[in-house]
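all I have is the shape, not the residue letters:
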């Protein structure tokens, strides 16, 4: 470990990331060495049911080191049915999930939380930033009016569940120190300023909500470098990568996956600086998902032709 690093993250031999929920599904995409697509047909029969996509995010992450294997769930999608439906189609054994990590408190990342907890018989760690419980929170619409976010993570509602809540603003290691939850991400780039229309109440007044609860996860793939997965990257995807580098002491970024929150007219002006920064970081694998947005995803495909991978619900990213 670099002497300036604050977390000693063990290297892993292999990483599998299965997409349980994303904004897009395509049953006809081909598999590659990096990503395995679910088959359209099994035993000569096309399935009468199919995967659900929604404006949400959820991935199942499994790490391997020698004989050791650990699996965690990162985020739980938007609706109460989507992730559970896709889990069933993929044959996911919920009992194998050792921990759940929430990237932040927005409804498109927390929707199936209670449904999953109700199906797990063992006590499971739930890792979150304490800011996830902040309420009320709003978004200001273009006409100036504000809309309140639904309250999807309530501490009292988790009482009686098989869950051990781990609240932390700082990094937390899971899976025998093979997976790091970043905790609150330092924001240092001049262009990643979060959601400008996000509001929260503070001392009776509405102020900008920096979404301090935003966090990501990172792993260190042996001989390759860091694999970083973001839920929405409200702290900024570049900030997130730089923070992972600083925290672990590992400078090489091998793979970047997840939501980069570049969708919508406001964030289009940040496409250029994000692309420029990512070119300097130079990841071997780049898989933008969820709130990255159609325009930004197309831009990444053009700018990173060798590393870009199009994601789809049900796909499994294989890194080794």
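Nice, I can see it. Predicted model only: the values in this text are computed from it and were never measured.

hey, let's count contacts and neighbours off CA atoms from now on
Noted.

give me the three-state assignment for residue 268.
helix (DSSP: H, G, I helix; E, B strand; the rest coil).

what does the one 10 residues further on give?
Using three-state DSSP, the secondary structure recorded for residue 278 is helix.

am I right that it is in contact with residue 239?
No - at 10.7 Å, residue 278 does not count as touching residue 239 under the criterion of Cα atoms under 8 Å.

ok, residues contacting the least confident helix or strand in the chain by mean pLDDT?
Here the helix or strand of the chain ranked lowest by mean pLDDT, DSSP states H and E is strand 41-42, holding a mean of 88. By Cα atoms under 8 Å, 6 or more residues apart in numbering, the residues outside strand 41-42 that reach it are residue 47.

now do the helices in the protein.
82-90, 113-117, 237-248, 271-281, 294-303 (DSSP state H).

mind giving me CSV with those and columns for distance to residue 190 and mean neighbour count?
As requested, those are exported to CSV (distance: least, Cα to Cα, whole Å; neighbours: other Cα atoms under 10 Å):
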stretch, distance to residue 190, mean neighbour count
helix 82-90, 36, 19
helix 113-117, 34, 18
helix 237-248, 10, 23
helix 271-281, 10, 15
helix 294-303, 19, 17
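
run a quick neighbour tally on residue 189.
For residue 189, the count of nearby residues is 15 (other Cα atoms under 10 Å).

show me what contacts the residue nearest to it when sequence neighbours are not counted?
The spatially closest residue to residue 189, leaving aside those adjacent along the chain, is residue 239, at 6.4 Å (Cα to Cα, 6 or more residues apart in numbering). Shown in contact with residue 239 (Cα under 8 Å, 6+ apart): 185-189, 192.

quick one on the thing from earlier: who does the least confident helix or strand of the chain pair up with?
strand 45-46 (antiparallel) (DSSP bridges).

tell me the mean pLDDT for the strand it pairs with?
When pLDDT is averaged along strand 45-46, the result is 93.
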